[in-house]
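K.L.:
model the structure of this input:
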Amino acid sequence: MKNTKVVNLRQDTPEDAWKQEYRNQLPDEKPIHNRSGIEIKPLYTPADWDDSKYEEKLGYPGQLPMTRGIYATMHRGKVWSQRQLIGFGTPEDYNQRLRKLLDAGNTAISLIPCNSVYRGYDIDEVDPKLLGTCGVIVNTVDDMDRCFQDVDIKSLSTAMNDPLPFTLLALLLAVARKRGVDWVDVSGTSNQSDYISHYVANHMFYRLSLEGSRRVLVDHIAFCQEHVPHWNPLSIVGQHMQQAGATPAEAMAFTLATGIQYAQDCIARGMDSNKFLERFTFFFDISISFFEEIAKCRAGRRIWQKIARERFGAHNPKVWRFKFHGQTSGVDLTRQEPLNNIARVTIQAMAGVFTGLQSMHTDSYDEVLSAPTEEAARIAVATQNIIREEAHCADVIDPLAGSYYIESLTDQMEEKILDIITKIDDAGGMFKAVEKGMIQNWIGHSAMRFQETIESGEQTIVGVNKYALDDESVSAKPLERPDATIVENQLDKLEKYKANRNRSDYNNAISRLQQAAQDETQNVYGAIVQAICSGVTHGEVVHQIRQELGFGQPQTTI
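P.N.:
Model prediction:
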């Protein structure tokens, strides 16, 4: 019998057939990249992420490698804290808005001070027309007491938007002492304590010299660790970096590198990483680049536990937790057709929930015009309630895990982030890199690249460079400026406060503050708290510390 050879004609696999059909339909398609520069494929398959990596790359919530969340129950057991940034007018205005937002469902709050406070001044040092327009006026212990009138500061977690030398926390501690509340029972966060991010991207907050800032921050961390143990003295702010123009991957890398720098500074002071790292928190911008933001934070969580364990030798599992607050990105909001911002914020907030964050602020749609109006703030709070309770987005922990796209993107983001951290290490660390202007240049170039995509139309901004209405009128009204009479009354209160305080106590407090600043063996933040409790005002403390430790002069050119 004659042998016959069977020839198998090649059959295209379903994948090959799909690729061919795709190319036929989109022959001239240009590559798509996310904001971090990672090319996004049209389809992801098991070839992009092998689920045999599950234990190594994912694991379980509350367990290493922490990709899926830092607690076993995550939002199923305890939902994220709903924070709303509040700040407008006088302490009485703030108190009224605060109580309404607490009634509307807020479970924690943030205090935003007046711009004059951010810049380090009392209100009698600036033009009255500027006062209270975008934050609450808080200069004295009496001001802080009125902010929290009929509010139990013992049971409320408070984020103070409080650049160093952290006078707002000192004012809150003075109120606690006045009310008989033990400082051990005071909880919250020094939400603007990251001077490096201020130096790079938020110059209004930058009050002291770079070296002086380093001294005060470490003293602040040491003081809180000893006297206010439930307070988080450090929030490392990636938000500033990203809003200034850093890509999501760069913002995460810069933030983690900053955390490394601060940890090294605390260790150099003799602190135990197993203790102080537990109170390190992080703060990120959540942009409208939905999947990229989720991958960014999942990768960041995985990297941080390795840094804590391998770089700093921390064996306390609580230290491995990457606790972070997310804020929907105001940079993505538009003045044109501002009601569209409600949709933008909703998408950003959903991304925030899927990142596994611990607290979140949702921007109001009118924040591009002014401090939020009351109606817009209510909608922003309701957005989180709807996402959680109507859409049930928090019912499942890390619900996108196992997606070929999400896992591949998380791995790619991790690789990019680690590469940037290595470059910063090679430059001598984050402090040196910022001192040299390296990070500022990096952010500037990224900001320019993104702006070019908007101007070319490659990146659509609805209502701005595409789908714009002929009628350019704004469909929302900004919040009215505080009444001039009310501002004048606040100035009168400050004048009386300064006139009626004990002059001897004031002089002694200023003298102790000078001595502490000049003697590096003393804790300068302890002296700041003492000064505030003795009647020294916010502006007077900042003025004195600036005299001793130098005025901040960040680089402003690229």
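K.L.:
what about the strands in the stretch 351-500 of the chain?
P.N.:
359-361 (DSSP state E, counting those that start in this stretch).
K.L.:
low-confidence stretches in it?
P.N.:
471-475, 479 (pLDDT under 70).
K.L.:
same check, this time on the chain
P.N.:
For the chain (pLDDT under 70), the answer is 1-11, 84-87, 107, 471-475, 479, 556-558.
K.L.:
where does Ile109 land in three-state SS?
P.N.:
Following DSSP: H, G, I helix; E, B strand; the rest coil, Ile109 is assigned to strand.
K.L.:
what residues are up against it?
P.N.:
By Cβ atoms under 8 Å, 6 or more residues apart in numbering, the contact set of Ile109 is 83-84, 86, 98, 101-102, 156-159. From N, CA and C alone the C-beta is placed, and that goes for glycine too.
K.L.:
roughly how far apart are the residue positioned nearest the centre of the chain and Val237?
P.N.:
The structure's the chain has its C-alpha centroid closest to Phe283; by Cα atoms, centre = their mean the separation is 2.6 Å. Distance from Phe283 to Val237, counting by Cβ to Cβ, to the nearest Å: 5 Å.
K.L.:
give me the common contacts of these two.
P.N.:
Common neighbours of Phe283 and Val237 are listed as Asp194 (criterion: Cβ under 8 Å, 6+ apart).
K.L.:
show me where the stretch 401-550 of the chain has helices.
P.N.:
For the stretch 401-550 of the chain, applying DSSP state H, counting those that start in this stretch gives helices covering 404-426, 430-435, 438-456, 484-500, 503-518, 524-533, 538-549.
K.L.:
what do you get for the stretch 201-350 of the chain?
P.N.:
Under DSSP H, counting those that start in this stretch, the stretch 201-350 of the chain gives helices at 210-227, 238-244, 248-268, 273-276, 290-306, 340-355.
K.L.:
let's have those in TSV, adding distance to Gln63 and mean neighbour count.
P.N.:
Formatted as TSV, the helices of the stretch 201-350 of the chain follow (distance: least, Cβ to Cβ, whole Å; neighbours: other Cβ atoms under 10 Å):
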stretch	distance to Gln63	mean neighbour count
helix 210-227	27	21
helix 238-244	25	26
helix 248-268	21	24
helix 273-276	19	18
helix 290-306	10	24
helix 340-355	18	22
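K.L.:
thought Arg335 was touching Ser370?
P.N.:
No - Arg335 lies out of contact with Ser370 (Cβ atoms under 8 Å); the separation is 10.9 Å.
K.L.:
which one, of the helices of the stretch 201-350 of the chain, ends up nearest to Asp194?
P.N.:
helix 248-268 (6.5 Å; Cβ to Cβ).
K.L.:
tilt between the closest one and helix 290-306?
P.N.:
20 degrees (axes from the mean of the first three to the mean of the last three Cα atoms, to 10 degrees).
K.L.:
and the angle for helix 248-268 with helix 438-456?
P.N.:
Using the same axes, to 10 degrees: helix 248-268 against helix 438-456 is 160 degrees.
K.L.:
send the alpha carbons of helix 248-268 over as PDB?
P.N.:
Taking Å, rounded to 0.1, in the frame of the first residue of the first chain, the C-alpha atoms of helix 248-268 are listed here in PDB:
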ATOM      1  CA  PRO A 248      -0.100  59.900  37.000                       C
ATOM      2  CA  ALA A 249       2.900  57.500  37.000                       C
ATOM      3  CA  GLU A 250       5.300  60.500  37.700                       C
ATOM      4  CA  ALA A 251       3.100  61.800  40.400                       C
ATOM      5  CA  MET A 252       3.100  58.400  42.200                       C
ATOM      6  CA  ALA A 253       6.800  58.000  41.800                       C
ATOM      7  CA  PHE A 254       7.500  61.600  43.100                       C
ATOM      8  CA  THR A 255       5.200  60.900  46.000                       C
ATOM      9  CA  LEU A 256       6.800  57.700  47.000                       C
ATOM     10  CA  ALA A 257      10.300  59.200  46.600                       C
ATOM     11  CA  THR A 258       9.200  62.000  48.900                       C
ATOM     12  CA  GLY A 259       8.000  59.400  51.400                       C
ATOM     13  CA  ILE A 260      11.400  57.700  51.300                       C
ATOM     14  CA  GLN A 261      13.100  61.100  51.900                       C
ATOM     15  CA  TYR A 262      10.900  61.900  55.000                       C
ATOM     16  CA  ALA A 263      11.400  58.400  56.400                       C
ATOM     17  CA  GLN A 264      15.100  58.800  56.100                       C
ATOM     18  CA  ASP A 265      15.000  62.100  57.800                       C
ATOM     19  CA  CYS A 266      12.900  60.600  60.700                       C
ATOM     20  CA  ILE A 267      15.300  57.700  61.000                       C
ATOM     21  CA  ALA A 268      18.300  60.200  61.100                       C
END
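K.L.:
contacting residues for Gln261?
P.N.:
196, 429-431.
K.L.:
rewinding a little: Arg335 and Ser370: who's more crowded?
P.N.:
Of the pair Arg335 and Ser370, Ser370 is the one with more neighbours under other Cβ atoms under 10 Å, namely 18 against 14.
K.L.:
how many neighbouring residues does the nearest residue to that one once chain neighbours are set aside have?
P.N.:
Setting aside the residues directly before and after it, Ser370 is nearest to Pro478 in space (Cβ to Cβ, 6 or more residues apart in numbering), at 3.5 Å. Residues within reach of Pro478, counting by other Cβ under 10 Å, total 16.
K.L.:
contact partners for Pro478?
P.N.:
Per Cβ under 8 Å, 6+ apart, neighbours of Pro478: 366, 369-370, 373.
K.L.:
just checking, His543 touches Arg119?
P.N.:
No - His543 is beyond contact range of Arg119, at 11.6 Å (criterion: Cβ under 8 Å).
K.L.:
most neighbours out of the contacts of Pro478, which is it?
P.N.:
Of the contacts of Pro478, with other Cβ under 10 Å as the count, Asp366 tops at 27 neighbours.
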